[in-house]
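1. Quick one, what's the 3D model for this:
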Amino acid sequence: MEEIISKDSLLYSRLLITRAKHVLVKARQKELSPYRVSPEQAYILFILHNRSEKATLAEIARDCERGISTVCTQLSKMENDGLVEKTRETPKSNLLSFKLTDKGAEIQNKSNKMRVEKAIMSVLTEEERKQLISSLNKIINKAKKYS
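-> Residues are numbered from 1 along each chain as shown. This is a model prediction of the structure:
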């Protein structure tokens with residue numbers, strides 16, 4: 001590892017971003033385990049909570065920056081668990097929309113506290129967080145050009 005640090009800062013930066021994402025996801029999974037939802041599902045609950053009454057599959061996929069089939073699979077599981085409700089815009093329409101159920105709204109409110117993430121991110125000052133956000137947005141925007 002020492003060689004990577006000294007020889008290739010690009011590789012080491014990517015390694016640290018990957019490592020940070022991994023440990024943040026694991027911490028979030030542990031925090032969400034009492035509610036029996038994954039971080040991805042909690043994010044969908046958050047999106048639905050912050051949208052108007054309901055959202056289409058395409059809107060949710062766009063907000064999650066995931067493929068429609070991936071989000072559709074998550075929403076099917078969430079519907080089976082009673083977290084979201086699926087409706088058709090018109091009886092014979094293929095356009096589906098989703099909204100939170102009471103159970104989904106309750107879990108969203110409980111899981112949105114993000115105590116662990118707040119505790120982790122508190123190691124940075126407000127100015128350091130702003131700098132981190134700016135740097136990560138630059139990386140994300142550049143990477144989008146290649147994906």
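
2. Tell me which stretches of this structure form helices.
-> Counting by DSSP state H, the chain has helices at residues 2-7, 9-32, 39-50, 57-64, 68-80, 102-111, 115-121, 126-144.

3. Could you dump the ones you listed into a markdown table and include mean pLDDT?
-> Below are those laid out as a markdown table (pLDDT from 0 to 100):
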| stretch | mean pLDDT |
| --- | --- |
| helix 2-7 | 64 |
| helix 9-32 | 91 |
| helix 39-50 | 92 |
| helix 57-64 | 91 |
| helix 68-80 | 94 |
| helix 102-111 | 91 |
| helix 115-121 | 90 |
| helix 126-144 | 95 |
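
4. Out of these, which one sits most buried?
-> For these, average neighbour numbers computed from mean count of other C-beta atoms under 10 Å are highest in helix 39-50, which has a mean of 20. C-beta: built from backbone N, CA, C; applies to glycine.

5. Which one, of the helices of the chain, ends up nearest to T87?
-> Nearest to T87 among the helices of the chain is helix 68-80 (10.7 Å), distances taken as C-beta to C-beta.
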